[in-house]
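> Please work out how this folds:
(4 chains)
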Number of protein chains: 4
Amino acid sequence: MPDIDALWAEFARPIATAEDYIASLRGRRMNVFFMGERVPEPVDHPVIFPSINAMAETYRLASEQPELGGVHTPIANVRTNRFLHVPTAPAELVAKHEMQRELGRRTGTCFQRCVGLDAIGACHSVTFDIDAEKGTDYHTRFLAFLKRAQTANIVIGGAMTDPKGDRSKPPHQQADPDLFLRIVKRDANGIWISGAKMHQTGAVNSHWLIVMPTMRMTEADRDWSFVGALRVDSPGLTYVVGRQTNDTRAVDGGALDAGNAQFAGQEAMIVFDNVFIPHAHVFMDGEWPYAATLVERFTTYHRSSYVCKTGLGDVLIGAAAEAASHNGVESVSHIKDKLVEMTHLNETIYSSCMAAAYRSKPLASGAYLNDEMLSNVAKHNVTRFPFEIARLAQDIAGGLVVTMPSEKDLQNNEIGPLIRKFLQGKSGVDTVDRMRVLRLIENMTIGRNAVGYLTESLHGAGSPQAQRIQIARGMGVEDKKARARKLASVETRGRAGG
Amino acid sequence: MPDIDALWAEFARPIATAEDYIASLRGRRMNVFFMGERVPEPVDHPVIFPSINAMAETYRLASEQPELGGVHTPIANVRTNRFLHVPTAPAELVAKHEMQRELGRRTGTCFQRCVGLDAIGACHSVTFDIDAEKGTDYHTRFLAFLKRAQTANIVIGGAMTDPKGDRSKPPHQQADPDLFLRIVKRDANGIWISGAKMHQTGAVNSHWLIVMPTMRMTEADRDWSFVGALRVDSPGLTYVVGRQTNDTRAVDGGALDAGNAQFAGQEAMIVFDNVFIPHAHVFMDGEWPYAATLVERFTTYHRSSYVCKTGLGDVLIGAAAEAASHNGVESVSHIKDKLVEMTHLNETIYSSCMAAAYRSKPLASGAYLNDEMLSNVAKHNVTRFPFEIARLAQDIAGGLVVTMPSEKDLQNNEIGPLIRKFLQGKSGVDTVDRMRVLRLIENMTIGRNAVGYLTESLHGAGSPQAQRIQIARGMGVEDKKARARKLASVETRGRAGG
Amino acid sequence: MPDIDALWAEFARPIATAEDYIASLRGRRMNVFFMGERVPEPVDHPVIFPSINAMAETYRLASEQPELGGVHTPIANVRTNRFLHVPTAPAELVAKHEMQRELGRRTGTCFQRCVGLDAIGACHSVTFDIDAEKGTDYHTRFLAFLKRAQTANIVIGGAMTDPKGDRSKPPHQQADPDLFLRIVKRDANGIWISGAKMHQTGAVNSHWLIVMPTMRMTEADRDWSFVGALRVDSPGLTYVVGRQTNDTRAVDGGALDAGNAQFAGQEAMIVFDNVFIPHAHVFMDGEWPYAATLVERFTTYHRSSYVCKTGLGDVLIGAAAEAASHNGVESVSHIKDKLVEMTHLNETIYSSCMAAAYRSKPLASGAYLNDEMLSNVAKHNVTRFPFEIARLAQDIAGGLVVTMPSEKDLQNNEIGPLIRKFLQGKSGVDTVDRMRVLRLIENMTIGRNAVGYLTESLHGAGSPQAQRIQIARGMGVEDKKARARKLASVETRGRAGG
Amino acid sequence: MPDIDALWAEFARPIATAEDYIASLRGRRMNVFFMGERVPEPVDHPVIFPSINAMAETYRLASEQPELGGVHTPIANVRTNRFLHVPTAPAELVAKHEMQRELGRRTGTCFQRCVGLDAIGACHSVTFDIDAEKGTDYHTRFLAFLKRAQTANIVIGGAMTDPKGDRSKPPHQQADPDLFLRIVKRDANGIWISGAKMHQTGAVNSHWLIVMPTMRMTEADRDWSFVGALRVDSPGLTYVVGRQTNDTRAVDGGALDAGNAQFAGQEAMIVFDNVFIPHAHVFMDGEWPYAATLVERFTTYHRSSYVCKTGLGDVLIGAAAEAASHNGVESVSHIKDKLVEMTHLNETIYSSCMAAAYRSKPLASGAYLNDEMLSNVAKHNVTRFPFEIARLAQDIAGGLVVTMPSEKDLQNNEIGPLIRKFLQGKSGVDTVDRMRVLRLIENMTIGRNAVGYLTESLHGAGSPQAQRIQIARGMGVEDKKARARKLASVETRGRAGG
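Model prediction:
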């Protein structure tokens, strides 16, 4: 029998602060690679650390604003981080989204903890539903797991996206069965899994991972239809941290060129080589019809979680306004008008996400789930508006955003003074401050955090077409047609369908 | 002393049904003009009746879905129509918006009752605030008035927009002082007012009107700074019902050409010639600083009320889908994609309005007011998306929308059969039904109800620029700049504003 | 043998002026219906006359600006109207487009003569190509026909769009074979045709029609694969003029309410009942593979012809600027900015159309054809930008556009003075002039000429999806992929397609 | 007397090939800095070389397609590179734009040579005009200079944008007079200039520079109102090459991570410290009223030169199509539709630029200048559409664009095979090729060449607002208003301006 307690032994002392969290990541034995080299200690890696620091902000917020960042959870009967809480009322989803916006504002990047949170939410109700139908005990296992996690106040990552190979084929028809993460062996103790998960947000910065199927499964895909939780340092795991735009600015210049030196996101590929999960941490095994349910609930939660991008939008609007101020043009009408447009788009996203939270509905397990239509609408707006906000930010900031000399040039005795002389803006503005703000705009629109603000806004929680499919499903076209027929005085007798 | 009871005598029996309502409009002595002619009985005027019928739908809904269309009001301690209720909790604003969308779906047009509702909301809190500061008794008067109105279950219209003349000048500087509605005389009994109000929604279909200032006033504008309620058939009032696109289709053809023969909107110019209002119905008189407050609260309520357009959007999406079905192309990918886009835009509007309701805040009077930023964002989306939805509807429907023969052609023995032969669509679709649906699309995109769906969506509750000004005010740019500076590591000491 | 000369006898005296043209329409025996009634003399019908007057403007322009509106044609060796000229150099297509924009500016509507012009262009080269391959004499016949038409300086209409019935089936599989216009009989003298053509622009205002297939044909569709020319008053023809938004404003009020009282467009359904065409006027009979060629060439010409809408755009921009001036807000920054945006969109359309003309290529017949890709791009922009221009025009104009009293109200002794008093704008602006400009904006954005400016911009010359299909065909994706592979250093050996 | 021949001595042998060009850059004594370090030989600097290689492509094209890349110039009576040619007919501007698109396709980046070309064009006519009015000999000097340059077939850069300091003040009011490049001394031999020019495209890769004023000047700005040509290695010049997104990928990984390893753009800050220009190379000195003319002509040329971005668009469309093919989804309808949309937008830009060339007009000097309105419209579209094209490219490509492991990971023995296994796409697609194409998309949308494709598209040749100002000036609003009044039947007598 696997010793579950042993797996949790080192989490006995709950993580209380951001510093605790960072300390908790040290000394783990993980196979982490970045740019072709093994990373012995990610905390000490200058490119990776900003992503850890962004994650740490979720703890810092809970310390500084306990009501926003933390919550009492009835499951473990403790106060825990809100990122470990299953929402059981609309107000809790609202609070979650407010927390996410605030963290976006604080970090200007992806703080990486929403996938795990939304995985928890989805697993809570799906395990409940499976048990209700099948008489299994997944929900019990899940609650036990979650209780430990909440008590320990750890970071749980969520791992969903499989490599998928030939996208026209289900898992069991792939030439290489590993292209979807799968169970390669089962025994009395647990399951062994192999395969990979792609672009996993904050994977290296987590303590535990929940692995989940990525799409609808068929009966022949039983071995690919499972959910489980495992420590990120489980034997058999390998992480390859993806390259990001301008990632090496963290090392090749000073803090200035990075634009946002403190915070960044992280995505990694995770390879699973015969990794063991004891039954206690398996929350679904072979119940293939629930794969679709799980994915739909997860994405419904997660699409609204993109409210975080409005926090990034706040920063970018502020940066554009600051840059305009440095140029002495903040009160010019077209500048003001662009700031208003940016705000309008940003708040439109916000309103869609918030409406999806307020209109959440209870599931059988007692968990509340965002309104599905509005959550899809919200995310769909996220796939569009940040791009326009970013374009407007660059419009206001001017071309210097992409032609500016480096911090090292500034430090050079010969040319540093020339840069200070010629890059001065409005009287009274410190030239280096001006450069810092422009670098932040670069960072968010065409630099490291544009990865999160733009591309991830397109593809995270499902690409645009995925939302369109869901919107099509939920749009109630037959009811709408009936309304139109009624107003058009169309007779409804004998109608042959539609 | 004016006999207030006498003014209310004929409303002694509460209006219970749509039929009651229509009956209540008969026999009133009002100076109503349309196309150069006096309209002795608007209820019998074929162009005006559809607008009455749309208003009547607010009663029909209350009969058919009492929880949605009606509400218990503590002010009068009766059940009354929700359009007479002051919202005192977010859930009530949410219910209001759900009612508005449903009425949009039922009528496919402007049902005209929101201005009065939002006027009630705004007056409730502003009279309370004036009394608190000035020791006046406006709030008491207002509650007495509202109690009678709620008990009688009548329609209250709101009258706000003045002619304005030279827009660069305040009322007291206009060459003609009547270009803003004003008090021309005061005495112990009440006030006498003269001037006009422009494009007043549903004015002729109301029982009482509340007149309010249209913008910020200055001290010299005291005589233009007042609020009062008066019967629509008060002596001295003249109504000129505005022309609408295709209004005469109600008379020049059969029901088919009208597209939506049952329902339409209504806007009228109201001229006031020395009209008397007793003090009991005066809710503000000269307190000019509150004019701006009143306008802001009214528009904050009213901009979210444009959620009704999502109900019209539902109808138009349905009509487009039905037309596609008639053409046998409903499953073609670009058609489906356009229906999804229409839905996405429609639901984006919805989410903005609903978020503004859920995030409403209480005022001193106990009334709840929609979130100001989100309400402006919602309305601003309304100034854009219906135009795109309408364009897509026409795209799907095809050119026949604007080239189709008339119903009279259909009835002609010679050409009627030719039209039936050549306008047939997919097998099994009745040709005349096909025409009806296309006429409905015409009605909503380039016909009579496009007035409400498109142009009114631009200008009602304030033109686009009005929202941009409010968004600029509420956007918190200094806070956003501070966030950006922090992430850009800009030193904040000694900052000179900026 | 049919007497061809007899068919042309009454055109012996060339039409020289707009007045000649209007006179030429009188006294013809045509079966024309409008709103269920036979129209004995369309010239005298107040709803139809504005469309005749718009067509007449093509003659007026040729009188006033002979270089723009007229041209020497080598075919007939006469000066003729440019609408009868086959372009044989890029400069001639450029001049054509300049003429079209100018006519758009002069009329603010569809002047209806481009379909015939583009039919001439397409027939010129296609008949040439058929003859070259098949040894037929269609091109000779066509030139003989065109020579007579150019000499007589008449209006030729083009008739293309069939009713189409079930859109998933070709002509020969339709339940009713008449749903595509077809040859029902052939003999030594000519052909007899039956069926209908839908929404034919300016049909009633033409002298002759060219009928053409509407889409790609198959071998079994030989009887539907023909081109011919016939007089609009040929026996067996019936016209049903379609209803347009606000069409009856031409009769129910004075000139003011019409907005643009002088000019309007016209679309009619034409029913063909066993109509005879002598061989001399048959330009294709059964050569089904050329149907697609004909349609493609026609649409390539015709999509660029939508440059006319930039002339309407000029009028609408001017009207919006004038309305802003009446309100005293023309120099307000957001107003100016909207006028710039409208202009930018309008000129973008213009540039696409003009580029398509300048980049025209010669066909075997010597005729020049617009660049296909750019012509599709141009039209595709036309399906979008006028809608945004119209929205901005309404934004600038204000809500009065749809709530204004009628001209009859203005004439009423009681309320007329009130309207004049209260609708006054900036000092010095005549109130009725202000109303006229607002009615023009109504006319073009939600009134009679919005039919042409908006809906026809969507569907004329092919709906948006038709352009997308052509763009997809012409986009050269394989070449683009090769370019990308080269820059990405992708090896190209052994590539299996792509 | 300065020895002009000596300045040209080393250019005696014309540059014939790309290799000649690259060789010609070696061994020059220039003060070039990048990231805080002096660059002794830019040709050997791995970050700078791709920008040199892109410039070299202008020579390579002239070798491979002499008609497109080269031209006979009457000024020097030699065949020279088209980038040195003053266009004297619309067809030459058309050919110029075709060359620019082709170079965009070949390089996928900014090839940096258009500023100099457009400076030549503007100087040609402005010097002619000054001489005509003032009796100076600038045009003669300019032609002599240009003749040498054309004969030598060298690269001329253009330097326009000054630092500008406080943007609300003209040069002579700046606290630091150097914030606009200025003449600090004049004598019998020439002028001495000091100051700086910002973000100068391809500066380090040029042989000579033409310096020009950046905006309208006043009489007090005489010393800032000059034009001159100088060698890039003139004493007193310092270059600071700006940082670009992902610039160090050229050194920190292999070729794969760079996305486009061969080609990149370049922008540098140039500092002038008392740099001498002999009179023979001074083309304007103090004629301040011509500064505005020069800037307007330059920007009119240069805004159309942004047609190059359609070449980049071709590459990006191709890359997206290739990525879709790798994923096996190229025939999915929403993918095809997005490729069509990208093409439509790209060709819309193209058509605007080409129309501006075809509609060019001759200036007094005989040079042809693009149509001003259309050139501004073209550039304004460039400030919008590439952003949407880039968004759609990322949409099609998927999230892997920003989460992919590095080339060094691929080369690592442990994880390289895992990456190859899990990143495989459709059967038969080489995984590394798939990665290459995704890196190219990253490069153009959020990487090094996004600098040129996106940000430079916003700000190069003037920011969006600059085009709006020009569009406003050229829109002919009074004529448009007159057109509207005529159609609205507004009397024109006694109109007071309007």
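> List the residues that contact the closest residue to chain C within chain A.
Nearest residue of chain A to chain C (C-beta to the nearest C-beta) works out as residue A:333 at 3.9 Å. C-beta: built from backbone N, CA, C; applies to glycine. For residue A:333, the contacting residues are C:333-334, C:337, by C-beta atoms under 8 Å, 6 or more residues apart in numbering or on different chains.
> With respect to residue C:437, which of those is nearest?
residue C:334 (19.5 Å; C-beta to C-beta).
> That closest one contacts residue A:337, correct?
Yes: between residue C:334 and residue A:337 there is a contact under C-beta atoms under 8 Å: 6.9 Å.
> what sits in contact with each of the two?
residue B:468.
> Residue A:353 in helix, strand or coil?
Put simply, residue A:353 is helix when judged by DSSP: H, G, I helix; E, B strand; the rest coil.
> Tell me if I'm right that it and residue A:301 touch.
No: in this structure, residue A:353 is not within contact of residue A:301 by C-beta under 8 Å, at 11.1 Å.
> between those two, who's got more neighbours?
Under the criterion of other C-beta atoms under 10 Å in any protein chain shown, the comparison of residue A:353 against residue A:301 puts residue A:353 first, with 33 against 29.
> Run a quick neighbour tally on the nearest residue to that one once chain neighbours are set aside.
Leaving out its chain neighbours, the residue that sits closest to residue A:353 by C-beta to C-beta, 6 or more residues apart in numbering or on different chains is residue A:307, at 3.6 Å. Look at residue A:307: counted by other C-beta under 10 Å, it has 27 neighbours.
> got it, and residue A:64?
Residue A:64 is flanked by 12 other residues according to other C-beta under 10 Å.
> Got the confidence number for it?
Note for residue A:64: predicted pLDDT of 98.
> Next: residue A:496.
Confidence score, pLDDT, at residue A:496: 42.
> same deal with residue A:493?
Taking residue A:493 on its own, its pLDDT is 47.
> From the rest of the structure, what touches stretch A:409-427?
For stretch A:409-427, contacts defined as C-beta under 8 Å, 6+ apart pick out A:254, A:256, A:325-328, A:400, A:404-405, A:431-432, A:434-435, B:498, D:33-37, D:163, D:165-167, D:175-176, D:178-179, D:196, D:198, D:238, D:240, D:269, D:271.
> quick one: average pLDDT of the host helix or strand of residue A:141?
Taking DSSP states H and E as the criterion, residue A:141 maps to helix A:138-152. Helix A:138-152 shows a mean pLDDT of 98.
> Next SSE downstream of that helix?
Past helix A:138-152, the next helix or strand by DSSP H and E is strand A:156-159.
> which phi and psi does residue A:76 have?
Main-chain dihedrals, residue A:76, degrees, to the nearest 10: phi -100, psi 0.
> That one and chain D, how far apart?
33 Å (C-beta to the nearest C-beta, to the nearest Å).
> And for the closest residue to that residue other than its chain neighbours, the neighbour number?
For residue A:76, ignoring the flanking residues on the chain, the nearest one in space by C-beta to C-beta, 6+ apart is residue A:150 at 3.9 Å. For residue A:150, the neighbour count with other C-beta under 10 Å is 25.
> repeat for residue A:316
31.
> Now do it against residue A:388, distance only.
11 Å (C-beta to C-beta, to the nearest Å).
> Confirm that residue A:210 sits in a strand.
Yes: counting by three-state DSSP, residue A:210 is found in a strand.
> Mind telling me what element the nearest residue in space to it that is not next to it in sequence is part of?
Spatial nearest neighbour of residue A:210, excluding adjacent residues (C-beta to C-beta, 6+ apart): residue A:119 at 4.5 Å. Taking DSSP H and E as the definition, residue A:119 sits inside helix A:114-134.
> and the angle for that helix with helix A:138-152?
Helix A:114-134 and helix A:138-152 are oriented at 150 degrees to each other (axes from the mean of the first three to the mean of the last three C-alpha atoms, to 10 degrees).
> Tell me which residues of helix A:114-134 come out buried.
Of the residues in helix A:114-134, A:114-131 count as buried by neighbour count, 16 or more other C-beta atoms under 10 Å in any protein chain shown.
> Ok, stretch A:189-203 next?
A:190-203.
> List just the nearest of those residues to chain D.
Closest to chain D, out of all of the buried residues of stretch A:189-203 and judged by C-beta to the nearest C-beta, is residue A:199, at 3.5 Å.
> what sits against that closest one?
A:161, A:242, A:267-269, D:399-400, D:403.
> Filter the residues you listed down to the ones in strands?
A:267-269 (DSSP state E).
> Of those residues, keep whichever come out buried.
The buried subset of those (16+ other C-beta under 10 Å) comprises A:267-269.
> which one of those residues is nearest residue C:462?
Of all those, residue C:462 sits closest to residue A:267, with 44.3 Å by C-beta to C-beta.
> Any idea how many residues pack against the nearest residue to residue A:434 once chain neighbours are set aside?
Distances taken as C-beta to C-beta, 6+ apart put residue A:326 closest to residue A:434, at 4.5 Å, once the chain neighbours are dropped. Residues lying near residue A:326 (other C-beta under 10 Å) number 25.
> What distance do you get for residue A:326 to chain D?
10 Å.
> now residue A:478
From residue A:478 to chain D the distance is 23 Å (C-beta to the nearest C-beta).
> where does chain A have its least confident helix or strand?
Ranking every helix and strand in chain A by mean pLDDT, DSSP states H and E puts helix A:249-252 at the bottom, with a mean of 92.
> Please say whether there is contact between that helix and chain D.
Yes: looking at helix A:249-252 against chain D by C-beta under 8 Å from any C-beta of the partner chain, the contacts come from residue A:252.
> next helix or strand past that helix?
Remark: after helix A:249-252, the chain's next helix or strand is helix A:255-258, criterion DSSP H and E.
> other SSEs contacting that following helix?
Counting contacts by 3 or more C-beta pairs under 8 Å, 6 or more residues apart in numbering or on different chains; DSSP states H and E, helix A:255-258 is packed against helix A:249-252, helix A:407-411, helix A:431-445.
> quick one: buried residues of that helix?
A:255-258.
> can you check stretch A:166-184 too?
A:166, A:171-172, A:174, A:177-184.
> which one of those sits closest to chain D?
Looking at the buried residues of stretch A:166-184 and their distance to chain D, the nearest is residue A:166, at 5.8 Å (C-beta to the nearest C-beta).
> now the strands for chain A?
Remark: strands assigned in chain A by DSSP E are A:31-34, A:37-38, A:70-73, A:78-81, A:156-159, A:182-186, A:190-201, A:208-211, A:226-231, A:237-241, A:267-278, A:282-285, A:361-362, A:368-369.
> ok, and what's touching the fourth one?
The one in question is strand A:78-81. A:14, A:58-59, A:62, A:66, A:69-73, A:150-151, A:153.
> Buried among the residues you listed? Make that a ChimeraX selection.
The following ChimeraX line selects those of the contacts of strand A:78-81 that are buried, judged by 16+ other C-beta under 10 Å:
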select /A:58,59,62,69,70,71,73,150,151,153
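> Residue A:31: neighbour count?
Residue A:31: 18 neighbours (other C-beta under 10 Å).
> Report the spatially nearest residue to it, omitting neighbours in sequence.
Once flanking residues are discounted, residue A:31 sits nearest to residue A:238: 4.3 Å by C-beta to C-beta, 6+ apart.
> Just list whatever residues bridge to that neighbour.
With DSSP bridges as the criterion, residue A:238 is bridged to residue A:31, residue A:271.
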